[in-house]
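K.L.:
task: produce atomic coordinates for the following.
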Amino acid sequence: MASSPSVNSLARLLYSSNFPFARLKSHVESSLYKKIESDVQYLYQKLCSLRTCLEKICAAPVSITLAVNDLDVKIKEAASKAEVTIGSFVPSRSDSSAFLQDLQEMKASIDPLAEEAEKVLGSIEGDPQGQDSENAQTSKPDFRPKKKKIIGQEKDFEKLKEEIGKNADERYTTLVRSIYEKSSIIDEFEIHGWVTVTHDYQIREIFSKLLHSLETKGQKAGEGDAAQSGKNTDLKEAVYERLRKKKYLIVVDDMWDKDVWQEIIHSFPDDKNGSRIVLTTRSKDIAVYAKGTSNFHHEMQPLSDKHSWELLSLTVFQEGSCPPHLKDIGWQISLNCKGLPLSLTVIGGLLSEGNMTEEYWKNIQGDTLDAAAKGDEAYLEILFLSYNYLPGRLKGCFLYMGAFPEDSEIPLIKLIRLWVAEGFLKPSSVQIVEHVANDYLEQLINRNILDIRKSTSNGQIKACGMHDTLRDLSVKECGNEKFFHSRRKYVQELEQGANKQRRVSVHRNILMCMEEVHNSVKEITFARTLLYAGAHHHHPLPFYLTFDLLRVLDAFTAYFIEFPYVILKLIHLRYLSLTYNGKLPSKLSNLEKLQVLMVRRQPKIIFLNTSILPDEIWGMTHLRHLLFTESDLPRIPAQRNSILFANLQTLSNVSASSCTKDVLENMPNLTKLSMWTESPGPVDLYLDHVKKLVSFKFTVLKPTPNEEVVFQPELDFPTTLKKLSLSGCSLPWKAMTVIGELPGLEVLKLREIAFRGEKWSPGKREFRKLKFLLLEYLDLKKWEAGYSHFLKLERLVIRHCYKLVDIPKNFAKHGCLELIELVECSPGAVNAAEQMKENVKEDGNNTKLKIQTYSSWK
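P.N.:
Residues are numbered from 1 along each chain as shown. Okay, the predicted model is just below:
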């Protein structure tokens, strides 16, 4: 139910560790304190009970939809009103007697709603959601997405592949990414690129993204020096020059505007050399218009009944088969999806996460049948079911995606930290909240509501996104539920009731440079969240947009030339990120509830032997993630009564000299740490005091060949380590044994002469679980590794290793290996990779292995 996020958020405010009981006790009489304490505890228990009810009736049958929706609205209004009252209560400033009266009024409004929810639940036979909300939070290690493959479109695939690959001079339209990603197609072209055109497009952004995506056999996408900003004409000329006299493949995805297509198409050279421009669009008008520049036009057709059932069945059961008692119902559900792949995969995700009972499947069948009867609206109605059937705990996470611009790639770690700060997550006694958030995200991916856009070195999720049709649904529901207001353009009226929106998102940061826009958005007085979701804005903002009740202020892409001191009054703030070049003020410690602090300097400036953080940072005990541009930590207080940073999990870009034994002992739950030193020399390393460390990065800012970093008392790492990155250390290869013997190491990145010497011979029992290995700018010449080494390796990346003469040939025989990538390496290494590529083709054993080389010297 849509009210679930509000109930979750309110319950979290009343949770014993979040409510300011200690301060209250010191400011009021004992009798008043006990009454407030009793009412708070009563409300918390009542909300937990209500939340459980909402989880079970979140996907009620259509027959009681009206009653459920009416209850939903009333609960949301009551919870939102109560949240403002609770969130605004500060024991040292507020009238505690009046607050007690407020609590009693909350009880009077929430009690009857909880009773009504119990009655609604009692009228539902069974559990339509078919899930235990507690069990759904069980952690699943090493999450891997479901397998996907083309079904019912094999002929389309082959036809398009043939048209793109054959030697002809015409320009073509429509393509699927699966064709673009096939190496047999890409190898035919000297340069290729992909750009997606959003509804809120800007010509400059389109060409900038296209330039960034261009990739050649000598240069990876994103690694060139092509202009990324400037006038439209400059960017067009840059695109033209990159493509001129080359055979290219360009995909322009999801075109909506004829004028934009006309401007783009005339910016590509036509050298009549077999180049291809592929346009995808859902608009028939655009397709017909574009056909004027091509004699090939392909329109995708809905899947057949047979293929619809095959796709639905694959989505639900993967390699398994449908149980006989569900097959007929499942067939009818697939027919109701009208052959539309997105509908089938989303409904398939819904079924896969639900209860495998006839009752549950019949509910889905009935709802999809009703949706299919809506004519032109059937497609959206079926997609809406994916939201309607979401457990309440996931609905806020779904709506949150509507805050980001179309086609956004949202870093997983950022999304999780935002959800934690928002209070969406149900507290768990067995899991830290970040793990709960990760579980939520995996459930949304399993339901095919979110998709994976980028993966980490060891194959985990790095960034995710949402299909734009599902995002449109999220945006629509955000408006209906007063969940998020997104400011997208200069001329944009506030929708009715927008002043009661709970959250604000700014899609173009430059809008906040305009007084009219600032004043308009400022009217949303109840906002608890402000996201600057646009690209980095290089100039300081003249207006500081804040709201008194803010919990989340994400201004990482906004630049402040002076510190916005108004932020220091935002006592409810849990998440703060911004770009600012000065030292943070001492009164930052007023933000006692802050969990995430991210500060970036732009341009990147490193001040040695000083800290941008105030001494008072040590008093901010709720901090969980502390990230900043390279800096020292302030001196740790000599006098302290407890562990200072007991909650800290992430500490980024801190000087090694700051990480004393005393400091690390006060961070017992640290899982991610990155350190730096200015130049080689002795470095004290006390990692034995961080027993839960999972990721460690060490960088020498000014590495010197043959000058070694001497780790004292010795080079040693916690056995919990999964990711290790070293740069500039100039260690001898014999020291690698310490790293190779780490039992759980999955990712190893060696950069900028991290190790020195011409020969590396790993031990037989080393690197038993390593999945990713990066070797970059090393003086390594000979690498001896047999078949028994690196057996779990999935990805090997070698960059700028100019002396390396060969690659261990046995790697191609490893069944786990998926990628070998060489960038600007020696001819010997490149020839070895190319020969390995040919051998793999001939043998046909490891068909998933992809071998790529990029060499500008060719």
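
K.L.:
pLDDT wise, what is the nearest residue to Leu570 once chain neighbours are set aside at?
P.N.:
Sequence neighbours aside, Leu550 is the residue nearest to Leu570 in space, at 4.9 Å (criterion: CB to CB, 6 or more residues apart in numbering). C-betas here are computed from N, CA, C, even on glycine. On pLDDT, Leu550 comes in at 90.

K.L.:
and Ile64, by the same measure?
P.N.:
67.

K.L.:
and for Trp331?
P.N.:
The model's pLDDT for Trp331 equals 96.

K.L.:
how many neighbouring residues does it have?
P.N.:
If you count neighbours by other CB atoms under 10 Å, Trp331 ends up with 18.

K.L.:
hmm, who's touching the helix or strand where it lies?
P.N.:
Secondary structure assignment for Trp331, by DSSP states H and E: helix 324-336. Contacts to helix 324-336, defined as CB atoms under 8 Å, 6 or more residues apart in numbering, come from residues 305, 308-309, 311-313, 316, 322, 344, 347, 351, 356, 358, 361-362, 364-365, 368-369, 371-372, 382.

K.L.:
please indicate which of those are buried?
P.N.:
Burial by neighbour count, 16 or more other CB atoms under 10 Å: within the contacts of helix 324-336 this picks out 308-309, 311-313, 316, 322, 344, 347, 351, 361, 364-365, 368, 371-372, 382.

K.L.:
mind checking the SS state of Cys464?
P.N.:
Assigned by DSSP: H, G, I helix; E, B strand; the rest coil, the conformation of Cys464 is strand.

K.L.:
all strands for the stretch 251-400 of the chain, in order.
P.N.:
For the stretch 251-400 of the chain, applying DSSP state E, counting those that start in this stretch gives strands covering 276-279.

K.L.:
how far off centre is the helix holding Trp331?
P.N.:
Centroid separation for helix 324-336 versus its chain: 34 Å, with CA atoms, centre = their mean, to the nearest Å.

K.L.:
just to revisit the earlier point, for the residue nearest to Leu570, helix, strand, or coil?
P.N.:
What three-state DSSP gives for Leu550 is coil.

K.L.:
from memory it sits against Tyr575, does it?
P.N.:
No. Using CB atoms under 8 Å, Leu550 is not in contact with Tyr575; the gap is 9.2 Å.

K.L.:
ok, Thr579 - how many residues close by?
P.N.:
By other CB under 10 Å, the residues close to Thr579 number 22.

K.L.:
got it, and Val433?
P.N.:
By other CB under 10 Å, neighbour count at Val433 equals 21.

K.L.:
and for Gly354?
P.N.:
Per other CB under 10 Å, the neighbour tally for Gly354 reads 21.

K.L.:
hmm, it is touching Gly348, no?
P.N.:
No. Assessed by CB under 8 Å, Gly354 is found out of contact with Gly348, at 10.7 Å.

K.L.:
three-state assignment of the nearest residue to Leu511 once chain neighbours are set aside?
P.N.:
Residue nearest to Leu511 in three dimensions, not counting chain neighbours: Val517, with 4.7 Å by CB to CB, 6+ apart. Secondary structure, three-state DSSP: Val517 is helix.

K.L.:
export stretch 513-526 as PDB, just CAs?
P.N.:
Only the C-alpha atoms of stretch 513-526 are listed here, as PDB (Å, rounded to 0.1, in the frame of the first residue of the first chain):
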ATOM      1  CA  CYS A 513      20.400  29.800 -10.100                       C
ATOM      2  CA  MET A 514      17.100  31.400 -11.000                       C
ATOM      3  CA  GLU A 515      15.200  33.300  -8.300                       C
ATOM      4  CA  GLU A 516      11.800  32.600  -9.700                       C
ATOM      5  CA  VAL A 517      12.300  28.800  -9.700                       C
ATOM      6  CA  HIS A 518      13.900  29.000  -6.200                       C
ATOM      7  CA  ASN A 519      11.000  30.900  -4.800                       C
ATOM      8  CA  SER A 520       8.500  28.600  -6.400                       C
ATOM      9  CA  VAL A 521      10.100  25.400  -5.100                       C
ATOM     10  CA  LYS A 522      10.500  27.000  -1.700                       C
ATOM     11  CA  GLU A 523       6.700  26.900  -1.200                       C
ATOM     12  CA  ILE A 524       7.000  23.100  -0.600                       C
ATOM     13  CA  THR A 525       7.400  23.700   3.100                       C
ATOM     14  CA  PHE A 526       6.900  20.000   4.200                       C
END
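
K.L.:
CA-only coordinates of the helix holding Trp331 in PDB, if you can.
P.N.:
Output of helix 324-336 as PDB, limited to C-alpha atoms (Å, rounded to 0.1, in the frame of the first residue of the first chain):
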ATOM      1  CA  PRO A 324       1.000 -28.800 -13.700                       C
ATOM      2  CA  HIS A 325      -1.600 -27.200 -11.400                       C
ATOM      3  CA  LEU A 326      -0.400 -23.700 -12.500                       C
ATOM      4  CA  LYS A 327       0.100 -24.200 -16.200                       C
ATOM      5  CA  ASP A 328      -3.400 -23.400 -17.400                       C
ATOM      6  CA  ILE A 329      -3.600 -20.300 -15.200                       C
ATOM      7  CA  GLY A 330      -0.200 -19.200 -16.300                       C
ATOM      8  CA  TRP A 331      -1.200 -19.600 -20.000                       C
ATOM      9  CA  GLN A 332      -4.200 -17.300 -19.500                       C
ATOM     10  CA  ILE A 333      -2.000 -14.800 -17.700                       C
ATOM     11  CA  SER A 334       0.500 -14.800 -20.600                       C
ATOM     12  CA  LEU A 335      -2.400 -14.200 -23.000                       C
ATOM     13  CA  ASN A 336      -3.600 -11.200 -21.000                       C
END
